[in-house]
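1. next one to model:
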Amino acid sequence: MMQRLPAVAIAGLSCENSTFTPSRTRAAAFHPKRGREIIEHYKFLHPKTKLGDEAEWKGALIGHALPGGIVERASFEELAAEIIQRLSEICQSLQRPLDGLWFDIHGAMYVEGLEDVESELLRRIRAVIGPTAIVSASMDLHGNVSRELAHQADLLTCYRTAPHVDVSETKERACRNLLRALEVHNAGGSLPLKAWIPIPILLPGEQTSTRDEPARHIYDAVPEVEKRDLILDAAIWVGYAWADEPRNRAVVVVTGWNKPAVAKGAQELAKTFWDAHGAFRFVAPTGSFAECLDTALATNARPYFISDSGDNPTAGGSGDVTWGATQLLRRPEFCEATGPKVIYASIPGAEAVAIAEKAGIGATITVTAGAEIDDLHAGPITMRGRVHSIKHGDPHAHIEVVLQVGSVFVILTKMRKPYHKEHDFTELDLAPRAADVVIIKIGYLEPELYDMAKDWMLALTPGGVDQDLGRLGHHRIERPMWPFDTEFKAQPDLQARFIPSSRESTPGDNLR
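-> Alright, predicted model coming up:
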C-alpha cells in the first residue's frame, strides 16, 4: 500500500506594529490569500517541486500587511475567525488528524486589547488542529519569541539577513524543518527539543544590519550551529524596538534531538550576541535632518541618499508625517527649478492626488497633504507646484503623483507606500541616479537603493519609529534592557531554557 502524504495546513497573519504610531491597521491591509492562492503564491510548494510533492498542502488563510499602527481588534477577530473556520473545514474534509501546520507570521503584530498576539492566535488554532499536529513557524528576525509562543510552536526559524534577502529561503526552511520533524516522529522518534534564551537587548534594525559588524559575525555563526549533528535549526531574533510590550527583546532558539548539543549551540549564540552588545552602531553616519541636507549639498557624491527614518512605513511609521518635507521645502537652495534636484518619497494625500489627477500633467496647482493621521510632529503641508507625472495601479499607493516644487520632486500618494526599488521612481518619470539628493522614508537602505547611493546618511527624524528610542517613552519592556540601561548589576542569565511542546503542560513561570 502506498504510504499517504502528510497533510499540512498553512495559516498566519503577518504585520509589524508600532505602539507609538497613531494610525490603525485594518483587515483589508493584510491582503488575505486563501486556499489554493497560498500554494500558488509560494513557488517552493508548487507541484513537481521537492517540497510540493512531499506533503498534501492545505491553504487556510494568510495575510501580510504593510507595517503600521496597531491592528484594530475587530479586524484581527474577523481574520482570526476565518482562519479557524477554514482550518476546521480542512480538518473535517481530511477525516483524519492534521499532521502539521506551517505558521506563516512576522512576530511583531500588536492588536488592540491583546498582547503576544501570535501565541494567542496559535492557541486558538491549537484548539482546532489539536496538540499533536506539528507546528513550524517562520518569522522575521525583527519579530518576538515569547516563552508562550515557543511553547505553542514545535519549530521556529527566522530570517538571517537584514535587509531581508532570504525571505523565501526562510519560509522554505520552515516547511522543510516541519517535514523532517514529521519524518522522525512518524518513524518513532521524538519531537525536536527547543532551547530558548532571552537576551536583554532591544535595538532598532538600523543598528543591527547583517551587512555590518557586529551583526554580521553574530548571524554568520547561526548556520555553523545548525550544521552540527542532531541540530535541526538555529535562529536569532533581534526583536522589535518600536512596541512597548514585555516580550520585546532579542531571543535565541535552537532546536534538535541532542540536548547537550542544542543547549551548547543556543548558549554560544546568546553569548556571542551579548558579548557584542556595546559594539552596535548605526549603519550609516547620522545627524539631524538639517545636518544631513548640509552634508549632501557639500559633497560631490551623487546621488546622495538621506533616510527620513522616523516615519519609515516599513518599520511601523504611519507614512504621513510631514516634518521632513516641511524642513526640506523651507530651504532656500531648493526654491527655484534650477536648484539642486531633489526627490522626496513620499507624502500620502488622497485629496491632493485627486486635484492633481483632475488638473493633469503640466498643470500648476496648490494642494495640501499629509498629517491626516500622524500630526504629532507637524501639520498638513501646503505646496504649489507643477504636476510632473501621474501613475495608476500601484498595489499600495493606488495612485501616485509627482509634484515639482522648485527643484524638489515630491511624490504624493493616495495611500501610503514604501519606495524600495529603482522602478518605483522610473515609472514616475524620475531618474534617481541623475538626482542630486534622494530622500526616502526608510531606515537602512534596501539593496537597490544601497547600490544606487554614492553616499548616504540616516536622518534622526521624529515619528512613530524614531531611532532615538529614549524619546518614545517605553515603560513596559523588561528591565534592565540595553541600551535603555547601560549598567547591569549582574551578567544576564544566558542558560538554555528547554521549552516543553504543546503536548505537555504549559511552561509555567514567566510565559513572556
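2. residues making contact with the longest helix that the chain contains?
-> For the chain, the helix that runs over the most residues, judged by DSSP state H, is helix 73-94. Taking CB atoms under 8 Å, 6 or more residues apart in numbering as the criterion, the residues outside helix 73-94 that touch it are 7, 9, 11, 13, 25-27, 30, 32, 34-35, 58, 60-61, 63, 97-98, 111-114, 117, 121, 124-125, 127-129. From N, CA and C alone the C-beta is placed, and that goes for glycine too.
3. quick one: the strands in the stretch 301-450 of the chain?
-> The residue ranges that make up the strands of the stretch 301-450 of the chain, judged by DSSP state E, counting those that start in this stretch, are 304-308, 342-348, 364-369, 381-394, 398-405, 408-413, 437-440.
4. over to the stretch 151-300 of the chain?
-> Under the criterion DSSP E, counting those that start in this stretch, the stretch 151-300 of the chain contains strands at 155-158, 193-199, 231-237, 250-256, 286-287.
5. dump those strands into a markdown table; add mean neighbour count as well.
-> As requested, the strands of the stretch 151-300 of the chain are arranged in a markdown table below (neighbours: other CB atoms under 10 Å):
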| stretch | mean neighbour count |
| --- | --- |
| strand 155-158 | 26 |
| strand 193-199 | 24 |
| strand 231-237 | 25 |
| strand 250-256 | 28 |
| strand 286-287 | 17 |
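6. between those, which one is closest to L445.
-> The closest of these to L445 is strand 286-287. By CB to CB, the value is 13.6 Å.
7. packing partners for the closest one?
-> Using 3 or more CB pairs under 8 Å, 6 or more residues apart in numbering; DSSP states H and E as the contact criterion, the secondary-structure elements in contact with strand 286-287 are strand 455-459.
8. buried stuff in the strand it packs on?
-> The neighbour-count check on strand 455-459 (16 or more other CB atoms under 10 Å) flags W456, M457, L458, A459 as buried.
9. can you check stretch 407-423 too?
-> Of the residues in stretch 407-423, those with enough neighbours to count as buried (16+ other CB under 10 Å) are 407-420, 422.
10. cool, stretch 358-373 as well?
-> Across stretch 358-373, burial judged by 16+ other CB under 10 Å covers A359, I365, V367, T368, A369, G370, A371, E372, I373.
11. gap between the first one and S18?
-> Using CB to CB, to the nearest Å, one obtains 35 Å as the distance from A359 to S18.
12. quick check, nearest of the buried residues of strand 455-459 to Y444?
-> If you rank these by distance to Y444 using CB to CB, L458 comes first, at 7.8 Å.
13. any idea how far the closest one is from L182?
-> Taken as CB to CB, the spacing of L458 relative to L182 amounts to 44 Å.
14. got it, and F103?
-> With distances taken as CB to CB, F103 is found 15 Å from L182.
15. more neighbours: these two, which one.
-> Set side by side, F103 and L182 show more neighbours around F103, with 28 against 21, by other CB atoms under 10 Å.
16. quick one: contacts for the nearest residue to the more buried one once chain neighbours are set aside?
-> For F103, the nearest residue in space outside its immediate sequence neighbours is A137; the separation is 4.1 Å by CB to CB, 6 or more residues apart in numbering. If you count contacts by CB under 8 Å, 6+ apart, A137 has them with G12, W102, F103, I105, E118, L122, L149, A153, L155, L156, T157, A174.
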